[in-house]
Every structure is written in C-alpha cells, then in structure tokens.
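Trainee: Next come a sequence and a model predicted from it.
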Amino acid sequence: MLHVKHLQRTDVIIVGAGHAGCEAALAAARRGASVRLITQDLDTIAKMSCNPAIGGIGKSHLVHEIDAMGGAMGRMADLSALQYRLLNRRKGPAVRATRTQCDRRLYHIHMRQILDAQPNLHLHQGTIRELMFDGDRVIGVVDELDIAHEAAAVILTTGTFLEGLIHVGEKQFSAGRAANAAVHGLSAELYRKELKLGRLKTGTPPRLDKRSIDWDSLPRQAGETDLLPFSRLHQKITQNQIPCAISRTNQRTHDIIMENLARSPMYSGTIESTGPRYCPSIEDKIHRFASKDSHQVFLEPEGRDHAEVYPNGISTSLPIDVQWAFVRSMEGLENAIIIRPGYAIEYDYVDPTELKATLECKKVSALFHAGQINGTTGYEEAAAQGLIAGINAAAHALDLESWVPSRSEAYIGVMLDDLVNKGITEPYRMFTSRAEFRLRLREDNADVRLSEHAIRMGMLSPEQQRHFEQRQHTLSHFEAQIKSCRIGCGKQWKERLDEHQLPMPKQDMLFSPYSHRQDVDSKEAMRLFAGFEDLNPFDQQSLMAFVHYDGYLEKQDQEIKSFQRLESQKIPNDFDYTQVGGLSIEAHQRLVEHRPLSLGQASRLSGITPAAITALSMFLRTKKT
C-alpha cells in the first residue's frame, strides 16, 4: 500500500495523549528529542476517563516522583484542584498520602497549554492503524489517512483503546471509552511480532446531575488545608475547596442488584477478562461481601462550572434500568438523574515481561510501551511509565544514556521492576506495601532522591533546579544540627525548654530520642533550632520525617546496601544458564525466559529460590576469578 509521508521526520512518536502519553511527550522533548504526539482527538488530551482524582495510597508517591523529575502531573493536579485530603494521617510520614479531586476540564486545559508551550513537541490528530518495521525494528506508524509518520522510536500509550469493547448489561459495542472509537489493527501487528497479549477489564460508575441530589440529607466531607500541594513549585494550597458528600448502599440497593445479577456481563459470562481487585464493581462487592449490609458511596464533584458528580464506589456494568433503580434506592439520591451510564470495558494489553526495564520491547527494537497497555491501572501509574518511556525513547533516538530508577530509590522503580520481572495476573496498582524500602521512599523527599538524575539529563527547568539546590543546602544544614544536638539539663537548657513548654531531661540526651518522648511535642522541639520556623512547609515536613525515623533509616540503609550488592552483580544478556549446576528445571526456564540483568532482578522472579541465587552467584564469582 502506498503511504503519504509526513513532511517532517521526528525522533520520537507517541501514540495516545492520555496521562502516559503526555508525560512521555514532555519527558522526551525535555531530553532534547523532537517529538510528535498523535491522538484521536486533541480535545480529549489528558482526559480523566474515570474519577478525576490524583493521588491516594502509593499513587501520590508516584506523582511526587514525577514532579521531582520535571514531569507535569503534580502541577496539573494543583492547578485544577477542587479538594485536597491527606490519607493515613494517623500513620507515619512514609505511608501518608495526598489525594486531590480535580476539575477534569481544567486538568485537560492546563495540560494542553503545557504541551503547546514545550519546545520540540508537536501535536497531531489521527488514529494509528499500523506500525512500520525494518526487520525487528520499528521505524514509524501509519494513521487512518495513510499518512506515514517516520521516527527513530515509537511509544504506544493506547490505554483501553486496543480492541476496546464496552458492556452495559446485555448491550455491547466497540469503543476505547464512551464516545471514542476503539483502535483496531495494532493488536494484530503486535501478535505478528510474537508479543504475548491478553485481555483486561475495568469499569466506571454512572455520573449524576448534582442538581438532582438532596445534599442537605447527607453528611459532608470538607477538604483539608493543613497539607502540602503536589508540586514543589506550589508552596501552599490557595483554592477554595468544594466538599463532597457521603451516601450509602442499603438492603434495598443490594436486593435490586442481586435480583439482576444475571444481567451483569461479569456474571452472565459475557466478560471473562480480569478486572482490578482493589476497585471492584458494586455488583462484585455485594456478591463477594454478602455479609456486609452497606457500602459507602462518595459523591465527588467533577468540576466547578458543570453539574456532573462522580459517585465513587458504584462502578457497574449492569443495564441502565437497573442502574437507575439501585442509584435511586440510596439516601439523598431518591431523585437522582443519571447523566452518563456506568459501563465496563475490555481491552487488549501486552504482557509486561515482554519489556525491558526501560519499557522498550525485547523483541522489537525502538518500540516502547507505557500505561494500561502494560497491564496497569490508574492515571498515576500510567504517567510514571510515560515519564520513563519518554526518557528512554529519547535516549534511544539520540544515542544517549538510558535511565531506570532502582526499586531502592523510587516507587517508579518498584513498579517497573514488578512489571517486567513478575508480570501481572490482574490490573497492577501501586501500594506503599509493595516497596520494601518505603521508609526512604516518602512523599516529602522525592526530589532529594531523584532530582539529581533529572538535572543530569536536563529534565528540570532553571526554576526547578534552583528550588532543588536551595532545598538540598537547607536540609543538609539542619540535618547536621539535628544529629549533633544534645539536649542538656543545665540552667541555659532549662530556660530554652521552658520557653517552648518542653520538659527537662534528667540527663543529657541526643535530640532524636528526646523528641520521641511521649511528653514532648516533636514539632515544638524542632523550634529549638534557629530558623526552623522560617523554613517553607516542604522543608519542615522532610526534617520532621528525618527525626521521626531516626535509627530506623540507618537500618534500612544497611538493607539497601545488601540489595545494591545483588543489583551490582551483573549477568550477561547471552549468559548460558546450562553451565550453572544446581538449578532446577523451573529456575532454568524462568531465567532463560526473562534474561535478568542482575542477581537482584533474578532473585525477584517467580520460581527463583534463594538456593538458585546462591548457585548463580557462586558461578559468576568463579567465572570472574
């Protein structure tokens, strides 16, 4: 077939402008590549297809890391925020998580503006139907108008669009999401390259007209102001926050759903693919947790200037008549009007074990994947993968150094390592429990962990770099004071402690143990250091966490060193595992299939025992000598 070549060749092409695609495009362009971001509809860039919320447990850590690397998600969330909340407030700083409800229109508008303002980045509206190859190397894409877009690297960020199929009760139709066409043809292209594909499912609830809700009958949940925004460029929360309300399912709700369960495609057998474990549909929750007589439903606004409300907790694929009935069975929703029906969607994904940690396909050079095509769920997971794919696609195109964070330095590293080494059996979602070094991987220190990498690769603006360097200097100064400070019991110390209404110790003691005493207000104790009160809230938060985890961090540092020793023991890509005695058949098969780059990666593969790692380590050491 003859194609019309696009007049301008580019370094990196990104297919899809969701959260993964936008971060990929920005990262590749900031790294110096010329970038073309191709999407079906320029008016749906960064569209929040499900709940317009950013952050949450584990997810917020990803957003802070994206921001530390110069990415956009944190800034966009702050600029479009409707309500902030701090989750796990009563727990330690390592597992606290910021979440913001966003205005989905504003999020799109701000992201479009930042894309348009980015040098070297150009947008193009079109639907990609075909990949162009030179042997086992991708060299571009072809859209539905037969325009050939040539590039040195291609990133697929197709979300739920690959052979997407929407289900509403007995009805089903092809779509990538409601009102947007599915992408056909690309899955067959990937199959031809012998990539392993599968089907996953996700869903969304009906949207309600806020004017039809009886807000006065429902308890309200206000936003919180005593927490920090996502981006280091924004020092405090300034928006007027919109409250949400809480309704609940009841026995009548459950009866309606159970009576119509056979009409749900999940239970009729129409849908066979796996959905997200931690975000089940309302019919799944009621069926699986039959002993529970009620489930919370959070009524969350989708914007300041329009009437749509997101009822968080009732994702469904039941027929529309059943949706009307069970929605109106709940308190405050007796007269609720559904603006958009809920639905389930099935889509193709590529087994992430087909990828290198850089997110480049092992079997197809220069082809990168990011987002739901890799079997993940969530805007934050997608955006973080987009960042990494963009960095490494630019590196491939420009012959620069590739970069992947270790799981000991970033939640992004944890996610990548989990995906490419373990694969998935259900849509992957980030949690703090997935990170074994989570005391070090906190929201407050994402820039301390990652921004030096970003500076080295040219990913930060001058303003971001200046902020980071000033912060590093400040934290180092105060941490040195904290480590060396001893709270005394003499007259001078009594005067200082009395001034802050702090108790006198019976004998001299280091500051950290003193601040951990039950009768000591640790934040008030920090005011003993001159200048602490004048610090910005980000710096205060990091120093408080430094004191909170004193002692534990040293232990975790030793664990990280052990981890890094395994990571530093490299395994050649063409290594012959038949040479290693003591490997089981399963271990040999796993190692040959995944080709881990280090002993650390090998140790995290399913089916690889400590005995196999010991045998492999001993062989590698013997071979070196």
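Mentor: Looks like it came in fine. Numbers count the residues shown, from 1 in each chain.
Trainee: Mind picking out the helix or strand in this protein with the poorest mean pLDDT?
Mentor: For the chain, the helix or strand with the lowest mean confidence is helix 610-624, at a mean of 83 (criterion: mean pLDDT, DSSP states H and E).
Trainee: other SSEs contacting that helix?
Mentor: helix 599-603 (3 or more CB pairs under 8 Å, 6 or more residues apart in numbering; DSSP states H and E). Using the backbone N, CA and C atoms, a C-beta is placed for each residue, glycine as well.
Trainee: what comes up buried for the least confident helix or strand of the chain?
Mentor: A612, I613, A615, L616, S617, F619, L620 (16 or more other CB atoms under 10 Å).
Trainee: Kindly reformat the residues you listed as a markdown table containing distance to D136.
Mentor: Output for the buried residues of helix 610-624, formatted as a markdown table (distance: CB to CB, whole Å):
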| residue | distance to D136 |
| --- | --- |
| A612 | 30 |
| I613 | 31 |
| A615 | 33 |
| L616 | 29 |
| S617 | 33 |
| F619 | 31 |
| L620 | 29 |
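Trainee: Doesn't L86 lie inside a strand?
Mentor: Yes - assessed with DSSP: H, G, I helix; E, B strand; the rest coil, L86 lies in a strand.
Trainee: That one pairs with what?
Mentor: Beta-bridge pairing for L86 (DSSP bridges): T98.
Trainee: in the stretch 301-450 of the chain, which spans are helices?
Mentor: 320-327, 379-398, 411-422, 446-456 (DSSP state H, counting those that start in this stretch).
Trainee: and the second one, what's its mean pLDDT?
Mentor: Which is helix 379-398. The average pLDDT for helix 379-398 rounds to 98.
Trainee: just the CA coordinates of it, formatted as CSV?
Mentor: In CSV, the C-alpha atoms belonging to helix 379-398 read as follows (Å, rounded to 0.1, in the frame of the first residue of the first chain):
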residue,chain,number,x,y,z
TYR,A,379,-3.6,7.7,36.0
GLU,A,380,-0.5,7.9,38.3
GLU,A,381,0.9,4.5,37.2
ALA,A,382,0.4,5.4,33.6
ALA,A,383,2.0,8.9,33.9
ALA,A,384,5.0,7.4,35.7
GLN,A,385,5.6,4.8,33.0
GLY,A,386,5.2,7.6,30.4
LEU,A,387,7.9,9.5,32.0
ILE,A,388,10.3,6.6,31.9
ALA,A,389,9.4,5.6,28.3
GLY,A,390,9.9,9.2,27.2
ILE,A,391,13.3,9.4,28.8
ASN,A,392,14.4,6.2,27.3
ALA,A,393,12.9,6.6,23.8
ALA,A,394,14.7,9.9,23.5
ALA,A,395,17.9,8.2,24.7
HIS,A,396,17.4,5.5,22.0
ALA,A,397,16.8,8.1,19.3
LEU,A,398,19.6,10.4,20.2
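Trainee: And it, what does it pack against?
Mentor: On a contact count with 3+ CB pairs under 8 Å, 6+ apart, helix 379-398 meets strand 10-15, helix 19-30, strand 53-55, helix 59-68, helix 73-79, strand 147-156, strand 367-369, helix 411-422.
Trainee: now do the first one
Mentor: Here helix 320-327 touches helix 251-259, strand 338-340, going by 3+ CB pairs under 8 Å, 6+ apart.
Trainee: how distant is the first one from the center of its chain?
Mentor: Computed by CA atoms, centre = their mean, to the nearest Å, the chain-centroid distance of helix 251-259 equals 34 Å.
Trainee: re the thing from before, nearest to V580, out of the buried residues of helix 610-624: which one, please.
Mentor: F619 (4.7 Å; CB to CB).
Trainee: Find the nearest non-adjacent residue to the closest one, please.
Mentor: Nearest residue to F619 in three dimensions, chain neighbours excluded: V580, at 4.7 Å (CB to CB, 6 or more residues apart in numbering).
Trainee: Show the contacting residues for that neighbour.
Mentor: A615, L616, F619 (CB atoms under 8 Å, 6 or more residues apart in numbering).
Trainee: Kindly state the pLDDT recorded for T625?
Mentor: 53.
Trainee: Can you tell me what sits against stretch 137-147?
Mentor: Outside stretch 137-147, the residues touching it (CB under 8 Å, 6+ apart) are 1-6, 13, 15, 38, 126-133, 148-151, 153-154, 364-367.
Trainee: Buried ones only from those residues, please, as a PyMOL command.
Mentor: This is the PyMOL syntax for the buried subset of the contacts of stretch 137-147, where burial follows 16+ other CB under 10 Å:
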select buried, resi 3+6+13+15+38+126+127+128+129+130+131+132+133+148+149+150+151+153+154+364+365+366+367
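Trainee: Can you give me the buried ones in stretch 438-453?
Mentor: 438-451, 453.
Trainee: and which of the residues you listed is nearest S268?
Mentor: R438 (41.1 Å).
Trainee: Show the contacting residues for the closest one.
Mentor: A94, V95, T432.
Trainee: what sits against K363?
Mentor: D136, K193, E194, L195, E354.
Trainee: Ok, D418 next?
Mentor: Y428, R434.
Trainee: Same check on R263?
Mentor: R263 touches G169, E170, L318, P319, V322, counting by CB under 8 Å, 6+ apart.
Trainee: The first one - how many residues pack around it?
Mentor: If you count neighbours by other CB atoms under 10 Å, G169 ends up with 22.
Trainee: Now do K422, the pLDDT please.
Mentor: 89.
Trainee: Could you measure from it over to C50?
Mentor: Separation of K422 from C50 (CB to CB, to the nearest Å) stands at 25 Å.
Trainee: Those two: which is more packed in?
Mentor: Each of K422 and C50 has its neighbours counted (other CB under 10 Å); C50 has more, 20 against 15.
Trainee: pLDDT value on the more buried one, please?
Mentor: For C50, the pLDDT comes out at 93.
Trainee: so what's the closest residue to it other than its chain neighbours up against?
Mentor: Spatial nearest neighbour of C50, chain neighbours left out: T204 (4.8 Å); criterion: CB to CB, 6+ apart. T204 is in contact with S49, C50, S315, G342, Y343, counting by CB under 8 Å, 6+ apart.
Trainee: if I look at T204, how far off is P276?
Mentor: 12 Å.
Trainee: For I282, which non-adjacent residue is closest in space?
Mentor: Sequence neighbours aside, I314 is the residue nearest to I282 in space, at 4.3 Å (criterion: CB to CB, 6+ apart).
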